[in-house]
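**Student:** With the input below, show me the fold.
(one chain, ligands or ions: 1)
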Amino acid sequence: MNNNLPTSIVIFGASGDLTQRKLVPSLFNLFRKGRLPKQFRIVGSGNTSFTDDQFRKHLADGLKQFASFQYTEEEWTTFAGNIVYLQGRYTDLADFKKLGDFLNKSESGAGNRIYYMATPPDIFPNIIDLLGLTGQLHENGGWRRVVIEKPFGTDLASAQSLNRQIHKTLNENQIYRIDHYLGKETVQNILVTRFANTIFEPLWNRNYIDHVEITVAEKVGVEHRAGYYDKVGVLRDMFQNHLLQLVTLVAMEPPASFAANALRNEKVKVLSSIQPIQGESVARNTVRAQYNGYRKEDGVKPDSTTPTYAAVRLHIDNWRWQGVPFYLRSGKCLKEKLSQIAIEFKRPPHLLFPGAHGDMTPNMLVLYLQPDEGIHWRFEAKVPDTAADMRSVDMEFHYKDSFGATAIPESYERLLLDALGGDASLFTRADEVETAWGLIDPILEAWESQKQSPSTYEPGTWGPGEADDLLKRDGRAWSRWDGRVE
Ligand code: BG6
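**Tutor:** From the prediction side, this is the model:
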């Protein structure tokens, strides 16, 4: 396919939050870096009535608020000259014909197109059907790709049905399902850490690793998204996608190549090897809780049992990970915003030094995904001027020190660039999404059949005590949140 053709980026849901906060700032920054195709047009489509100028002004206002980079007015004006707005209803064939005609005319010949679904998820299939009916997905010398925002379904059955529906009009290689965690630099760096260094991979298995902890903590509550959140809860919102994706990257075997399918095959293998948590094992392996005050949030049902926090213990049944628990936790209204993966190593088999009393701190490798992005490596050192006393010390890599404070781009930049370049490595494949739902569904079923409400935790804490008990029962504890050595 020819990447030099004029490229249209059509955004459905263009008047919404995502377009203003993430998509347009990311496209603008790609433009500033000279990474967008030479001829491109961004076509906003939505129900709201905007003239082109009003839409550009709305985006410029968003940029002032949300852009994490410096830019000049001149840069913006040149970029904004490529943006237009077409008002349209997502259910109206005539409006889709109008869009198709507009694109044909503006491309004047073959052109490449991305259709970005930034609308509520229940509208995706309808939009894709109408795009198909109006011939817009037909590849006439230029490519057609569809980017689909999360959530992809609400359970296995709805994800399967959504996949079936969109496969009627699209081939899998035209579909780019977003999980914005995969666009994060630090998440992509998991594979580089593992496979571009020789020192980690030999240790990366059940012989040396005691357990793995994955934490995605948020300080904010549900904010203005209660209408969506109260229907889904933390397991659908964070675990089915982001946390399970992190598990696959930590646990996967080296892929045959970095090509999208080779990579995704390995991820699906990990998901298929996770022991399903179902029936009675749900109570032993999971914790759910709700922050105090959640039921009083605007848009939340006063008797809501939606969990805003969960902790889950997983086991992966394969040669590499047999017997190594993966502890996952995520929640809203916690003490800090922090995403990290902590790999705790086994204790040395024999303690030689007189100062060591069996309570020696195990080695730990912590991948800090956000905020202070980096990697810390904790190991033991001899305390100077003692016979053989030991203390844990920390070797730290911070992105901001090595690459500069502004080195990390917004994750949507990477994802948009890859979708434009036809690289689906950082997008989830149909079978990947479905396998992940297959793991989440039985937990949700067991939770939903429980009579009692989830336990509660105080906002500004690290979550419910039950999450500590989950590890305590295994003789373990969550690693310290700041990852620092005392
Ligand atoms: C989204 C969830 O996918 O991820 C939100 O829907 C959550 O509820 C967000 O706040 C967290 O993303 P990040 O990049 O801020 O960790």
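**Student:** How about stretch 337-344, which residues are buried there?
**Tutor:** For stretch 337-344, burial by neighbour count (16 or more other C-beta atoms under 10 Å) applies to Leu338, Ser339, Gln340, Ile341, Ala342, Ile343, Glu344. Backbone N, C-alpha and C define where each C-beta goes, glycine included.
**Student:** Please spell out the segments of this structure that come in under the pLDDT threshold.
**Tutor:** 1-2, 355-359, 481-486 (pLDDT under 70).
**Student:** hey, what's Tyr309 bridged with?
**Tutor:** Beta-bridge partners recorded for Tyr309 (DSSP bridges): Ala289, Gly331.
**Student:** Go ahead and confirm it touches Glu458.
**Tutor:** No: counting by C-beta atoms under 8 Å, Tyr309 does not reach Glu458; the two are 11.2 Å apart.
**Student:** any residues in contact with both of those two?
**Tutor:** Tyr291 (C-beta atoms under 8 Å, 6 or more residues apart in numbering).
**Student:** Which residue of these two possesses the greater neighbour count?
**Tutor:** Counted by other C-beta atoms under 10 Å, Tyr309 and Glu458 do not tie: Tyr309 has more neighbours, with 30 against 14.
**Student:** which of the buried residues of stretch 337-344 come close to the ligand?
**Tutor:** When contact is defined as C-beta under 6 Å from any ligand atom, the buried residues of stretch 337-344 meet the ligand at Ser339.
**Student:** residues touching the residue of the stretch 201-350 of the chain found nearest the ligand, list them.
**Tutor:** Nearest residue of the stretch 201-350 of the chain to the ligand (C-beta to the nearest ligand atom) works out as Asp237 at 4.7 Å. By C-beta under 8 Å, 6+ apart, the contact set of Asp237 is Pro151, Tyr229.
**Student:** ok but it is inside a strand, no?
**Tutor:** No: under DSSP: H, G, I helix; E, B strand; the rest coil, Asp237 sits outside any strand and is assigned helix.
**Student:** List the neighbouring strands of the helix or strand encompassing Ser45 plus their orientation.
**Tutor:** Assigned by DSSP states H and E, Ser45 falls within strand 40-46. Partners of strand 40-46 in the sheet, by DSSP bridges, are strand 7-12 (parallel), strand 83-87 (parallel).
**Student:** isn't Pro121 right up against Ile166?
**Tutor:** No: Pro121 is not in contact with Ile166 according to C-beta under 8 Å; the separation is 11.8 Å.
**Student:** okay, those two: which has more neighbours?
**Tutor:** Neighbour comparison, Pro121 and Ile166: the larger count goes to Ile166, with 25 against 17 (by other C-beta under 10 Å).
**Student:** Identify the residue nearest that one in space, chain neighbours excluded?
**Tutor:** Ile128 (5.2 Å; C-beta to C-beta, 6 or more residues apart in numbering).
**Student:** I'd like to know how many residues surround that neighbour.
**Tutor:** By other C-beta under 10 Å, the burial measure for Ile128, its neighbour count, is 25.
**Student:** what residues are up against it?
**Tutor:** Ile128 sits next to Met117, Leu137, Val146, Gln165, Ile166, Thr169, Leu170 when contact means C-beta under 8 Å, 6+ apart.
**Student:** Is it within a helix or a strand, and which one?
**Tutor:** Going by DSSP H and E, Ile128 is in helix 124-133.
**Student:** And Tyr90, how far from the ligand?
**Tutor:** According to C-beta to the nearest ligand atom, to the nearest Å, Tyr90 and the ligand sit 21 Å apart.
**Student:** Isn't that residue up against Asn126?
**Tutor:** Yes: the criterion here is C-beta under 8 Å, and Tyr90 meets it with Asn126 at 5.9 Å.
**Student:** Of those two, give the one with the bigger neighbour count.
**Tutor:** More neighbours surround Tyr90 than the other of Tyr90 and Asn126, with 19 against 13 (other C-beta under 10 Å).
**Student:** Any buried residues in stretch 16-36, and which?
**Tutor:** Neighbour count says stretch 16-36 has 16, 18-32, 36 buried, by 16+ other C-beta under 10 Å.
**Student:** Show only the entries of the residues you listed found in strands.
**Tutor:** Residues of the buried residues of stretch 16-36 located in strands (DSSP state E): none.
**Student:** Which residues of the stretch 251-400 of the chain lie near the ligand?
**Tutor:** Counting by C-beta under 6 Å from any ligand atom, the stretch 251-400 of the chain sits next to the ligand at Ser339.
**Student:** just the helices in the stretch 251-400 of the chain please.
**Tutor:** Along the stretch 251-400 of the chain, the segments classed as helices by DSSP state H, counting those that start in this stretch run 260-273, 281-285, 399-403.
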